[in-house]
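**Q** coords please:
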Amino acid sequence: TSFFALLFHSLSLVGMVPAKLVKPVGALLHFLLTVGFLVVVILVSVAYTKEWTCDQPVIPKLTLSESFDLNYAIGFATCGFLGSFINLLLSIFLTSPK
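**A** Alright, predicted model coming up:
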């Protein structure tokens, strides 16, 4: 999605995309990025704290928070979500369809 967003924005700036498509397609790209980041944040927050039961004698139970440190990953995912959400709002409310 990021590659297509970069390609789309570059083509839009040079004028190779019709003006009527710029706002809806740009909003769609930012919406997809926002949903993707939100899904990552939710999945990580749920899976990171949950205790998983493994039916084997070596590791009977597994908690990801005991094995992994996500100090910076949650921050990056949250910043990505906030940035894409702000871009979504800006592309919907502050761009002209002309």
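**Q** going forward, measure contacts between C-alpha atoms and count neighbours the same way
**A** Fine.
**Q** any weak-confidence spans in the protein?
**A** By pLDDT under 70, the low-scoring segments of the chain are 1, 97-98.
**Q** So which residue is smack in the middle of it?
**A** Central residue of the chain (CA atoms, centre = their mean): Phe37, 2.3 Å from the mean position.
**Q** ok, now how distant is Lys61 from Ile86?
**A** 40 Å (CA to CA, to the nearest Å).
**Q** I meant Pro18, not that one.
**A** Counting by CA to CA - Pro18 and Ile86 are separated by 24 Å.
**Q** what's the burial count for the spatially closest residue to Ser65 that is not a sequence neighbour?
**A** Nearest residue to Ser65, sequence neighbours excluded (CA to CA, 6 or more residues apart in numbering): Tyr48, at 5.6 Å. The local packing of Tyr48 (other CA atoms under 10 Å) involves 18 other residues.
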